[in-house]
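[1] Here's my sequence, what's the structure:
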Amino acid sequence: MTTSTPSTQPTADPPLLRMAPSRAVWAVAWPMIAIGLLKTTYFLTDSWFVGRIGDEALEALGGAAFAWWMIFICSDLAGTGAHALIARHEGSQRRDLIPATLVQGLWVGLGVTVFLAACWPQRQLYFELLGFHAGTETMRLGLDFLGVSLLTAGTLVVHTVTGAAFRALGHTRTALVITAATLVVNAALDPLLIWGLGPIPALGIAGAAWATAAANLVGAALGLAVLTDRRIRLVPALPDATKTWLITKIGTPVTVAGIGFSMVYVLLGRIITEYGAHHIAALGVGHRLESLAYMVTVGLSVGAATMVGQHLGAGNIERAREAVAAANRICVAFMLPIGVLLFAGAEVFFDWFTDDPDIIASGSVYLRCQTLVFVAMGVEVVYEGAFSGAGDTLPPLLIGGSLTAARIPLAIWFGSTLGLGILGVWIAIAVSTALKAVVSWFWWRRGRWATALSNAEAAA
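    Residues are numbered from 1 along each chain as shown. Take a look at the predicted model:
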């Protein structure tokens, strides 16, 4: 763990603050979009190699997907808080504070690592909630994968904290290169650890988790090396209660919202299966098709977070507003044509993944319902990033948490009470998405985010 001595203060505004808002947002966002698309290949790569073991292994990996997502969300708690603070330091031209913030972020990350390891004995409860049966081969394989993922989460934690520094500084192209390197490491280790080779034993599905952990370790090491090369050097320091609490305070609402989102889908899955198991498959394929649009929104969300943080650090609230408005305009420009394309070609796209007519029919309806609110989805995610960059992460939790949870009663009402069946579930998801965008817009206009975190508090 580390801190640093003050460095010479820069005399010119940080590069991103000298750009037009739309250009600055896009400069941060486009590498993050590419990173998002690369990260989706992690699970696809694991799925391909694990699929060669057998259907039970692939089913176990698929069942662990939401749990792995929750591990990722928890691991990014420290990164979310560090991102907001480092962006402030960059905007206020206090780069000397960045190393100490990273160190305290790593201490928070250590706490998260211990928490996730403590969840190891309870991992069977997750699979039981999904409907897996104890004693089955699928349950055993799922426990193997999730167990390794929980115990090696520390590598992901350090990787996300170092990545937060690159995002906050606007050095997202560097983050893209590092992510690409980790993808190569993961793809190279997957067959060796899953299938075994020579003296290397075959670890099966657990090998996929070990490969991911090794890839994250490489990413963390590369990140620390690049930061050191750029004169952001870390030296040992004890935890600072004030700073670690602030990082935790900023990151926790985002983490809780992400875990809640995943748990809602676990529960929603039980409602969906009542109408037929093929609808779950349709939802899974639909999510993959949506990922193209979603990764665009996530990239723009990071762009909004970085620019809001830097502009608030520079004391320019109006430019922070302009950056978010620019992010939303870019978002609309992307989401409209993507939505039209997916709406028009829904059956064709589903046919790439399956030849089951029931899955294609249900999935096409699902996808068309969601494309109608693609713009709303994008706006909601952009505002999430904007609030996060301001250090005001409670609104996204309240808005996203409550309206995502509302999908369950809405699905029951539309599906059973109104007699719409599975169409009612798809409509419930779309309606809640639209509502989140509207409420987020309204809350952002209130302007309280501008004073949620002062520069003095960020520098304390």
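[2] buried stuff in the helix or strand of the chain with the lowest mean pLDDT?
    None of the helices or strands of the chain scores lower by mean pLDDT, DSSP states H and E than helix 55-63, at a mean of 76. Applying a neighbour-count criterion of 16 or more other CB atoms under 10 Å, one finds 56-63 buried in helix 55-63. Every C-beta, even on glycine, is put in place using the N, C-alpha and C of the backbone.
[3] Point out where the chain drops to low pLDDT.
    Scanning the chain for pLDDT under 70 picks out the ranges 1-12.
[4] nearest spatial neighbour of the most centrally placed residue in the chain, skipping sequence neighbours?
    Centroid-nearest residue in the chain: Ile73, 6.3 Å away (criterion: CA atoms, centre = their mean). Closest residue to Ile73 apart from its sequence neighbours, by CB to CB, 6 or more residues apart in numbering: Gly258 at 3.5 Å.
[5] Surely the one you found forms part of a strand?
    No - assigned with DSSP: H, G, I helix; E, B strand; the rest coil, Gly258 falls outside any strand and is helix.
[6] so it sits right up against Met70, yeah?
    Yes - Gly258 is within contact range of Met70, at 7.2 Å (criterion: CB atoms under 8 Å).
[7] What helices and strands are in contact with the least confident helix or strand of the chain?
    helix 21-51, helix 137-151, helix 205-229 (3 or more CB pairs under 8 Å, 6 or more residues apart in numbering; DSSP states H and E).
[8] got the CA coordinates for it in PDB?
    Written as PDB, here are the backbone C-alpha positions of helix 55-63 (Å, rounded to 0.1, in the frame of the first residue of the first chain):
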ATOM      1  CA  ASP A  55     -23.200 -29.800 -21.500                       C
ATOM      2  CA  GLU A  56     -23.200 -30.000 -17.700                       C
ATOM      3  CA  ALA A  57     -20.100 -27.900 -17.500                       C
ATOM      4  CA  LEU A  58     -21.600 -25.300 -19.800                       C
ATOM      5  CA  GLU A  59     -24.800 -25.200 -17.900                       C
ATOM      6  CA  ALA A  60     -22.800 -24.700 -14.700                       C
ATOM      7  CA  LEU A  61     -20.800 -21.900 -16.200                       C
ATOM      8  CA  GLY A  62     -24.100 -20.300 -17.500                       C
ATOM      9  CA  GLY A  63     -25.600 -20.600 -14.000                       C
END
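[9] Please pull up the helix or strand immediately following it.
    Tracing the chain C-terminally past helix 55-63 and defining elements by DSSP states H and E, one meets helix 65-75 next.
[10] Please compute how far the next helix or strand after that next one lies from its chain's middle.
    Note on helix 65-75: by DSSP H and E, the next helix or strand toward the C-terminus is helix 77-91. For helix 77-91, the separation from the chain centroid amounts to 16 Å (computed by CA atoms, centre = their mean, to the nearest Å).
[11] Kindly calculate the angle that helix 77-91 makes with helix 65-75.
    Counting by axes from the mean of the first three to the mean of the last three CA atoms, to 10 degrees, helix 77-91 points 40 degrees away from the direction of helix 65-75.
[12] What is helix 77-91 packed up against?
    Helices and strands touching helix 77-91, by 3+ CB pairs under 8 Å, 6+ apart, are helix 98-118, helix 153-169, helix 241-273, helix 278-313, helix 374-389, helix 455-459.
[13] Please save the CA atoms from it in PDB.
    Below are the C-alpha coordinates for helix 77-91, written out as PDB (Å, rounded to 0.1, in the frame of the first residue of the first chain):
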ATOM      1  CA  LEU A  77     -16.500  -0.700  -5.300                       C
ATOM      2  CA  ALA A  78     -13.000   0.800  -4.600                       C
ATOM      3  CA  GLY A  79     -12.500   1.600  -8.200                       C
ATOM      4  CA  THR A  80     -15.700   3.600  -8.400                       C
ATOM      5  CA  GLY A  81     -14.800   5.700  -5.400                       C
ATOM      6  CA  ALA A  82     -11.200   6.200  -6.600                       C
ATOM      7  CA  HIS A  83     -12.400   7.200 -10.000                       C
ATOM      8  CA  ALA A  84     -14.500  10.100  -8.600                       C
ATOM      9  CA  LEU A  85     -11.700  11.400  -6.400                       C
ATOM     10  CA  ILE A  86      -8.900  11.100  -8.900                       C
ATOM     11  CA  ALA A  87     -10.900  12.900 -11.500                       C
ATOM     12  CA  ARG A  88     -11.400  15.700  -9.000                       C
ATOM     13  CA  HIS A  89      -7.600  15.800  -8.300                       C
ATOM     14  CA  GLU A  90      -6.900  16.000 -12.000                       C
ATOM     15  CA  GLY A  91      -9.400  18.800 -12.500                       C
END
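[14] That one vs helix 98-118, what angle?
    On the basis of the same axes, to 10 degrees, helix 77-91 is oriented at 170 degrees to helix 98-118.
[15] Report the angle between helix 77-91 and helix 278-313.
    Using the same axes, to 10 degrees: helix 77-91 against helix 278-313 is 30 degrees.
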